[in-house]
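Asks: Using only what follows, build the 3D model:
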Amino acid sequence: MADNQINTKDFIIGTLVGSFVGAATALLLAPKSGKELRSDLNDGAVQVKNRATELAGAAQEKGLELKDKAYSTTSDLTQKAVDATSDLTKTVANKSQEVTENVKQKTADFKETAEDKLHDAKDTADELKVEASNKVEDVKKDVADKKAETEEKVSQKKAEVKKETKKAANQAKKEVNKK
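Replies: Residues are numbered from 1 along each chain as shown. Predicted coordinates for the structure are as follows:
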């Protein structure tokens, strides 16, 4: 999935750069008057700005989708952990009752052994509860990290697009001023 994100990112950057270069080349090589060229440059700048806004919106939308998916996954994992803990608790309770009944039927020596096993089962249940809780916390941390990373990427993309747009507009102004 990381390769797809990198390829998509590279494709978007390549598309933007290609659009800038193509538009600038077409405008500079077209036999038009200065007024027409300035008008075309203004139109091109507006198109670039609109495209950058669309891309920023798409990036933000993708970030929201990823955030929602992460929250959904966290919720599902939390529910599974709760269900597993509940099942485990019921199983431990049932086993405890069986062990207690058997202990009553056995001698005093066997009763001591059964109580040890009961304690082991409870310790295992407690360890599983702690592990499930830790895993839920890890998932929550991962979701928060992914959200922050996505927001940072969106912010960087916006800054890059603004910078490229300003650069292209300044370059176009320089070309117009040369003529």
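
Asks: only C-alpha atoms for contact and neighbour calcs from this point on.
Replies: Will do.

Asks: got the buried residues for the worst-scoring helix or strand of the chain on mean pLDDT?
Replies: Within the chain, no helix or strand scores below helix 2-29, which has a mean of 73 by mean pLDDT, DSSP states H and E. By neighbour count on 16 or more other Cα atoms under 10 Å, the buried set for helix 2-29 is 16, 20, 23-24, 27.

Asks: Determine the angle, from 0 to 180 degrees, between the next helix or strand along the chain from it and helix 2-29.
Replies: Downstream of helix 2-29, the first helix or strand assigned by DSSP states H and E is helix 34-105. Counting by axes from the mean of the first three to the mean of the last three Cα atoms, to 10 degrees, helix 34-105 lies at 170 degrees to helix 2-29.

Asks: wait, doesn't Gly44 sit right on Ala23?
Replies: Yes: if you go by Cα atoms under 8 Å, Gly44 and Ala23 touch, sitting 7.0 Å apart.

Asks: where do the contact lists of the two overlap?
Replies: With contacts taken as Cα atoms under 8 Å, 6 or more residues apart in numbering, Gly44 and Ala23 have no neighbour in common.

Asks: I'd like the mean pLDDT over stretch 38-50, please.
Replies: Regarding stretch 38-50, the rounded mean pLDDT is 80.

Asks: Go through it and flag the buried ones.
Replies: Those would be 38, 40-41, 44-45, 48-49, for stretch 38-50 by 16+ other Cα under 10 Å.

Asks: chain center to it, what's the gap?
Replies: Centroid displacement of stretch 38-50 relative to its chain, using Cα atoms, centre = their mean, to the nearest Å, is 33 Å.

Asks: show me what contacts Lys45?
Replies: Lys isn't right for residue 45; it's Ala. Per Cα under 8 Å, 6+ apart, neighbours of Ala45: 165, 169.

Asks: Let's see that with 10 Å instead.
Replies: If you count contacts by Cα atoms under 10 Å, 6 or more residues apart in numbering, Ala45 has them with 20, 23, 39, 51, 165-166, 168-169, 172.

Asks: And Leu128, by the same measure?
Replies: 81, 84-85, 88, 122, 134.

Asks: Secondary structure element holding it?
Replies: Counting by DSSP H and E, Leu128 is part of helix 108-178.
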